[in-house]
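Engineer: After the sequence you'll find the predicted model.
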Amino acid sequence: MRVQAGAYASELLIEKSTQLETRDAGLAAEITLGVLRRQGQLDFLIEQFSGRPIEKLDVEVLLALRMALYQVRFLDRVPHYAAINDSLNLLHAARKASAVAFANAILRKATDVEVEIPTGHAVPAWLLEKWIGDFDRETALKIAAASLEVPRLYQHIPPGAEPPFGGKETDVPQCFQIDSPDPRYRIQDIGSQAIVPLLNLEPGSRFLDVCAAPGNKTSQALETTPHLIAADASLPRLKGMKALGVPLVMADATKQLPFAAGAFDRILVDAPCSGTGTLAHNPEIKWRLTAGDLPRFADRQREILKNALAVLAPGGLLVYSTCSLEREENEQVTADVGDRVQHEIRRIPGRDAGDGFYAAVIR
């Protein structure tokens with residue numbers, strides 16, 4: 001219910017996991033994120049088996065059905081009868097006993113009748129159509145399919161450190177794919193790790209990380225240059241970076257930054273964005289985002305980029321990046337600086353490993 005109200009599932013799972021046994025916390029995470037990843041497919045099944053549009057169902061009934069259907073259709077860990085009984089008990093607890101027979105009938109059908117689910121139901125129809133227009137149909141369907149998968153784990157290792165236990169080297173320097181985390185190193189998606197190397201940092205570089213929190217890219221940059229400042233608009237998120245031991249500045253980059261013109265040789269603008277490249281990690285995004293949100297993100301990103309460029313030294317280098325797939329937030333933003341864009345990269349889920357990212361190197 002809290003995710004329905006706007007909370008992020010990953011943050012809630014961290015908050016609640018301390019109250020559960022490790023095994024139960026793992027199952028709760030698997031069901032929660034699995035339901036969000038496959039929400040469109042689950043709703044398709046509910047409509048097929050109930051003969052009703054999901055808009056006609058009470059939210060408590062809809063959530064109970066989604067959780068049970070996910071376990072019945074996509075999860076082998078829980079016996080079908082247990083998943084169904086748990087769902088019906090949830091309805092009793094939510095004082096929706098009148099819906100128990102209705103839900104029971106749907107879930108019994110789901111265990112007996114096989115229904116093929118169209119791939120397009122992995123994401124909202126408007127988003128799939130947009131990707132078809134921005135890329136092509138094959139790429140759009142690959143992105144949609146990738147959003148259903150449990151993301152692989154990657155860790156970043158400092159220069160000269162030994163690889164993580166059981167880690168597999170990737171094409172991104174110092175990035176290893178892992179099956180289980182090595183406690184010596186931080187978890188960081190491969191797409192995220194691919195951004196900082198574009199800065200061509202040197203030991204003496206004066207570096208500004210404009211939208212720094214939670215600090216993964218700041219930490220990565222710190223391996224090369226100690227002369228860096230991390231700025232962010234959120235004080236609580238900045239406080240989470242204290243362990244890095246670098247100067248932290250609370251600054252809203254949509255306004256003039258509190259630094260002298262030309263103060264930095266290298267700047268990273270990892271701009272706040274829609275996050276459509278991270279749907280496997282943050283599946284709730286695809287059910288919240290609307291087409292009308294994109295222009296608002298782009299307006300904010302243009303202001304941040306303009307203010308960051310104002311403190312870039314002559315001949316300096318700035319990398320603008322997002323974890324969005326949308327051209328409104330990427331090429332259409334960096335088009336404002338014209339031929340100062342030296343080159344661009346784009347990582348696309350389903351084609352490239354990890355989350356989707358865009359980056360432009362601006363001189």
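Structural biologist: It's in.
Engineer: Just the buried positions in stretch 104-120, please.
Structural biologist: Neighbour-count burial for stretch 104-120, with 16 or more other CB atoms under 10 Å as criterion, is recorded at 104, 106, 107, 110, 120. Heads up, the C-betas are built off the backbone N, CA and C, glycines and all.
Engineer: same question, stretch 310-327
Structural biologist: In terms of neighbour count (16+ other CB under 10 Å), stretch 310-327 has its buried residues at 311-312, 316-327.
Engineer: and of these, the nearest to residue 73?
Structural biologist: Proximity to residue 73 was ranked across the buried residues of stretch 310-327 by CB to CB; first place goes to residue 325, at 27.2 Å.
Engineer: Enumerate every residue touching that closest one.
Structural biologist: 131, 134, 143, 276, 277, 348, 349, 356, 358 (CB atoms under 8 Å, 6 or more residues apart in numbering).
Engineer: what do you get if the cut-off is 6 Å, keeping everything else the same?
Structural biologist: With contact set as CB atoms under 6 Å, 6 or more residues apart in numbering, residue 325 has these partners: 276, 277, 356.
Engineer: and if you look at residue 264?
Structural biologist: Shown here is residue 264, whose contacts under the criterion CB under 6 Å, 6+ apart are 206, 208, 311.
Engineer: could you redo those as TSV and give each row secondary structure, distance to residue 268 and pLDDT?
Structural biologist: Putting the contacts of residue 264 into TSV (DSSP: H, G, I helix; E, B strand; the rest coil; distance: CB to CB, whole Å; pLDDT from 0 to 100) gives the following:
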residue	secondary structure	distance to residue 268	pLDDT
206	coil	12	96
208	strand	7	98
311	coil	12	98
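Engineer: I'd like the distance from the residue most central in space within the chain to residue 37, if you could.
Structural biologist: The centre of the chain sits closest to residue 278, judged by CA atoms, centre = their mean, with a distance of 2.9 Å. Taken as CB to CB, to the nearest Å, the spacing of residue 278 relative to residue 37 amounts to 12 Å.
Engineer: what do you get for residue 284?
Structural biologist: The spacing between residue 284 and residue 37, counted by CB to CB, is 9 Å.
Engineer: So between those two, which is more surrounded?
Structural biologist: residue 37 (25 against 21; other CB atoms under 10 Å).
Engineer: Just list the residues touching that one, thanks.
Structural biologist: Residue 37 makes contact with 148, 283 under the criterion CB under 6 Å, 6+ apart.
Engineer: Make TSV out of the buried residues of stretch 104-120 and add distance to residue 93 and secondary structure.
Structural biologist: Written out in TSV, the entries for the buried residues of stretch 104-120 read as follows (distance: CB to CB, whole Å; DSSP: H, G, I helix; E, B strand; the rest coil):
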residue	distance to residue 93	secondary structure
104	15	helix
106	19	helix
107	17	helix
110	21	helix
120	34	helix
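Engineer: possible to save these as a markdown table with distance to residue 44?
Structural biologist: Converted to a markdown table, these look like this (distance: CB to CB, whole Å):
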| residue | distance to residue 44 |
| --- | --- |
| 104 | 20 |
| 106 | 13 |
| 107 | 15 |
| 110 | 12 |
| 120 | 10 |
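Engineer: rewinding a little: just give me the closest of the contacts of residue 325 to residue 263.
Structural biologist: Among the contacts of residue 325, residue 277 lies closest to residue 263 (CB to CB), at 30.4 Å.
Engineer: Surely that closest one touches residue 321?
Structural biologist: No. Using CB atoms under 6 Å, residue 277 and residue 321 do not qualify as a contacting pair, with a distance of 10.3 Å.
Engineer: How far does stretch 109-124 stretch from one end to the other?
Structural biologist: The first and last residues of stretch 109-124 sit 25 Å apart, counting by CA to CA, to the nearest Å.
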